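Asks: Got a sequence here, can you model it:
(2 chains)
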There are 2 protein chains.
Amino acid sequence: MARGLIEGNAIIGQSGGPTAVINQSLVGIIEGLRGYKPIKKIFGMRHGVDGLIKHMPLVDLGALGTEQLEKIAKTPSACLGSSRNKPTEADAPKIFEACRANDIRYFFYIGGNDSSDTCRIVYEMGVKAGYELRCFHVPKTVDNDLMGSDHTPGYGSAARYVAMAFMADDRDNASLPGIKINVVMGRNAGFLTAASALARHYEGDGPHLIYLPEVPFDTDRFVEDVKGMVTKYNRCQIAVSEGIKDKDGQDIGAKLIAGDKDAHGNAQLSGSGALGDMLSNLLKEKFKSPSGKPPRVRADTLGYLQRCWPEPSPVDAAEARGAGVKAATEAMNGLTDGSIAIVRLSNHPYRVDKRVLKLSDVAAKTRTMPPEFISGHHDVSRAFIDYAKPLVGDMMHFAPRL
Amino acid sequence: MARGLIEGNAIIGQSGGPTAVINQSLVGIIEGLRGYKPIKKIFGMRHGVDGLIKHMPLVDLGALGTEQLEKIAKTPSACLGSSRNKPTEADAPKIFEACRANDIRYFFYIGGNDSSDTCRIVYEMGVKAGYELRCFHVPKTVDNDLMGSDHTPGYGSAARYVAMAFMADDRDNASLPGIKINVVMGRNAGFLTAASALARHYEGDGPHLIYLPEVPFDTDRFVEDVKGMVTKYNRCQIAVSEGIKDKDGQDIGAKLIAGDKDAHGNAQLSGSGALGDMLSNLLKEKFKSPSGKPPRVRADTLGYLQRCWPEPSPVDAAEARGAGVKAATEAMNGLTDGSIAIVRLSNHPYRVDKRVLKLSDVAAKTRTMPPEFISGHHDVSRAFIDYAKPLVGDMMHFAPRL
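Replies: You can find the predicted model right below:
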């Protein structure tokens, strides 16, 4: 719905697991709002809506100069602080009251699908109270799992890091041949693990096996797969999603980690090497030589660097910025609420546009890898490569192996 | 000892854990040898002396063009393949015979202290047999643990990756505050773990605690250290060497890993998350809330990317190249054997020179962090920062936290 602009302040928050480009969106929103008369002040909330609930002091973002903003844009991880807490029923009125107390009329929230839901709840409270509060969700997630988007800001940079990591690690593995497992982030969606396939350039390059959360993981079949690749290449580099599930849909990694659960009831998957180590020990046992000597098996868990490595995909950085600008522009054009989505217009040349979705169309929903992006039970398809390649930007290629 | 040049072929090998710049040294040797009349062919051995022992076909490195060589130089991990095997007494004659059979008169081996020892053995066999074979060791190790060198090619790039990783991960941790452990490579020498300190730029930046293999690790004291930092900063980022040892000098990590031992009898330390997970579980248990809820503790093990990330320190890349050139030049100047070492002439401005050490002065010896580089039981000194800073090259800085 579009209406005329009301005078007041704007506020911006960041939520969920940060990305390498989440501050690009922050700066994009500030840029997009600047110069509009109805906008009096531009505030930042600390640690998302947690900061509003707990009355943490607001940050005066409008006071920042261009040079400072550019430096912030290039800095990974939420500069305002983030939050993993999903607001409860009791929290929602507190958030809304904090907005009203600070004369906030424009509310921007950068985050995943839960952030879209937060926007929706806050927006609806405003409507009910007769207090005009325009609410926009700016997408970010390395998981690339938002509904209605071709892809999500944050994904391209994480995918670039994963592809670079597999490329480099594959050469390490080729120089000292063995079995190498790399565990990649992604609770339910395999997009980030799938990006490992972008590391392949020459025949025989890894990853030789890719296991996604979308395909049930079978331990015996895994051992056979590895055996086949070792026979063929005398080594094997393996990409495993931290979110792989057994035939009953149970997380395999979560069972191994003595961890906490977040506000959404999700068990810890990242920040532990347990899944990689379990698979590594399994292969050491299965491939023991007759004398009992285990083969060279190593497991790395790529960890939090996937989402914060400070050399983002240039494409992703620009799109994250643009998504922030778009949200601000739509608000200034009179729209009352919505979630920004990237749509792909063409792939050759790569061209995108942004559109506005209904908050409820994104909220609390999850997209996973479509079947056409998956090939067999341990690989991605050509269609996925075509999809993902433009998102990571130009990448270096190594020399052919000698 | 210096003598006139004998006509024949040269051979180059790469050994041990690869680095991001080990191929710079390879290309440096080729460059340094080119145009010298006595050099007929320049060969590469596959997988170090293993390739000679097993009669693997040699690689004709002399046939490579400039563009190919530059691409190889920029490619991480041993392009010729590497080896973890230390030649046995029975192997030495096979290596020597393979050299004689291929009319090799110039033998270059890029590797750590064991590679220097291999050079020494091969050289001495030549002397004994009256077959002139000049043998040079070109240093490489991310551990920076070679005797007689100010620092070792490979270290600067790994140190750069570690510093960048801690910088980025610290922002991730600041945006979602908690306890974060990052485990860094280094069996006996703490140089690489110490490089995490280069990540600090603003007051309050991590790493807040650094644990080196040189300082006995005490679990109770560790818990107290973390408690202190959490009180001060409401979060704590921790650098832990994979090689930390208890008061009796026993590896803490090795006991946790169901691993193989290499040819040197070293137990597996890398390629497992076990040490990080053990420390993480310890802190979760010790810091449980009265209701039994564990705090947010995460552990990443930085893994093999430390030694192969394809964006090296420019300083390190140039020095690795230069070390290769120096070895070739010394051989062409008539020297019969030696190991190349980097010496620092001055720190402001940073200037180095290279000199030639006796092979036996480097062979099978290990350098660790000198006491003046260590501060207390969980930090490095200002002297270490001054030492390490020029080696990693210019680094980006993030925006101040908001």
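
Asks: Disregarding flanking residues, what is the spatial nearest neighbour of the residue of chain A found nearest chain B?
Replies: When distances are taken as CB to the nearest CB, chain A reaches nearest to chain B at residue A:273, 1.2 Å away. C-beta here means a position set from N, CA and C on the backbone, and glycine is covered the same way. Nearest residue to residue A:273 in three dimensions, chain neighbours excluded: residue B:273, at 1.2 Å (CB to CB, 6 or more residues apart in numbering or on different chains).

Asks: Could you list which residues are in contact with the one you found?
Replies: Going by CB atoms under 8 Å, 6 or more residues apart in numbering or on different chains, residue B:273 touches A:272-274, A:276-277, A:299, A:301, B:183, B:299-301.

Asks: from those residues, which is closest to residue A:60?
Replies: residue B:300 (34.4 Å; CB to CB).

Asks: Now the residue most central in space within chain A, what are its backbone angles?
Replies: Among the residues of chain A, the one closest to the centroid is residue A:142, at 1.4 Å (CA atoms, centre = their mean). With angles defined as degrees, to the nearest 10, residue A:142 sits at phi -70, psi -20.

Asks: And the pLDDT at it?
Replies: In this model, residue A:142 is scored at 97, pLDDT.

Asks: what do you get for residue A:317?
Replies: For residue A:317, the pLDDT comes out at 98.

Asks: what does the stretch 151-300 of chain A have sitting close to chain B?
Replies: A:164-165, A:167-169, A:171-172, A:174-177, A:180, A:258-260, A:268, A:270-274, A:276-277, A:280-281, A:284, A:293-300 (CB under 8 Å from any CB of the partner chain).

Asks: Kindly recompute the last result at 6 Å.
Replies: Proximity of the stretch 151-300 of chain A to chain B, by CB under 6 Å from any CB of the partner chain, involves residues A:165, A:168-169, A:171-172, A:175-176, A:258, A:260, A:271-274, A:277, A:281, A:294, A:298-300.

Asks: re earlier: list the residues that contact the residue nearest to the centre of chain A.
Replies: Residues in contact with residue A:142 (CB atoms under 6 Å, 6 or more residues apart in numbering or on different chains) are A:19, A:154-155, A:158, A:192, A:307.

Asks: Could you tell me which of the residues of the stretch 151-300 of chain A next to chain B belong to helices?
Replies: Judged by DSSP state H, helices contain the following of those: A:165, A:168-169, A:171-172, A:175, A:274, A:277, A:281.

Asks: Show me which of the residues you listed are buried.
Replies: Buried members of those, scored by 16 or more other CB atoms under 10 Å in any protein chain shown, are A:165, A:168-169, A:171-172, A:175, A:274, A:277, A:281.

Asks: can you list those residues in a markdown table and add pLDDT?
Replies: What follows is these, written out as a markdown table (pLDDT from 0 to 100):
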| residue | pLDDT |
| --- | --- |
| A:165 | 98 |
| A:168 | 98 |
| A:169 | 98 |
| A:171 | 98 |
| A:172 | 98 |
| A:175 | 97 |
| A:274 | 91 |
| A:277 | 92 |
| A:281 | 93 |
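
Asks: Now the two most distant members of the ones in helices among the residues of the stretch 151-300 of chain A next to chain B.
Replies: The largest separation in these, counting by CB to CB, is between A:175 and A:274 at 27.7 Å.

Asks: what kind of secondary structure is residue A:88 in?
Replies: Per DSSP: H, G, I helix; E, B strand; the rest coil, the local secondary structure of residue A:88 is coil.

Asks: And for it, the neighbour number?
Replies: Applying other CB atoms under 10 Å in any protein chain shown, we find 10 residues neighbouring residue A:88.

Asks: Angles on the backbone of it, please.
Replies: Per-residue torsions, residue A:88: phi -80, psi 170 (degrees, to the nearest 10).

Asks: And the pLDDT at it?
Replies: For residue A:88, pLDDT reads 84.

Asks: which of the buried ones among the ones in helices among the residues of the stretch 151-300 of chain A next to chain B lies closest to residue A:32?
Replies: So of these, ranked by how close each gets to residue A:32 (CB to CB), first place is residue A:165, at 33.7 Å.

Asks: ok, that closest one - contacts?
Replies: A:302, B:305 are the contacts of residue A:165 under CB under 6 Å, 6+ apart.

Asks: now do 10 Å
Replies: A:182, A:184, A:195-196, A:199, A:239, A:300, A:302, A:305-306, A:309, B:303-305, B:308-310 (CB atoms under 10 Å, 6 or more residues apart in numbering or on different chains).

Asks: show me where pLDDT drops low in chain A?
Replies: Along chain A, the model assigns pLDDT under 70 to residues A:1-3, A:258-265.

Asks: For it, identify the residue most remote from the centre.
Replies: Max distance from the centre of chain A (CA atoms, centre = their mean): residue A:291, 45.3 Å.

Asks: Does that one belong to a helix, a strand or coil?
Replies: Applying three-state DSSP: residue A:291 is coil.

Asks: And it, its phi and psi?
Replies: phi -80, psi 0.

Asks: what does residue A:399 give?
Replies: With angles defined as degrees, to the nearest 10, residue A:399 sits at phi -70, psi 150.

Asks: give the contact list for it.
Replies: A:171, A:202, B:23, B:64, B:67-75, B:79.

Asks: got it, and residue A:40?
Replies: A:7-10, A:62, A:103, A:105.

Asks: ok, now with 7 Å
Replies: Contacts for residue A:40 (CB atoms under 7 Å, 6 or more residues apart in numbering or on different chains) come out as A:7-9.
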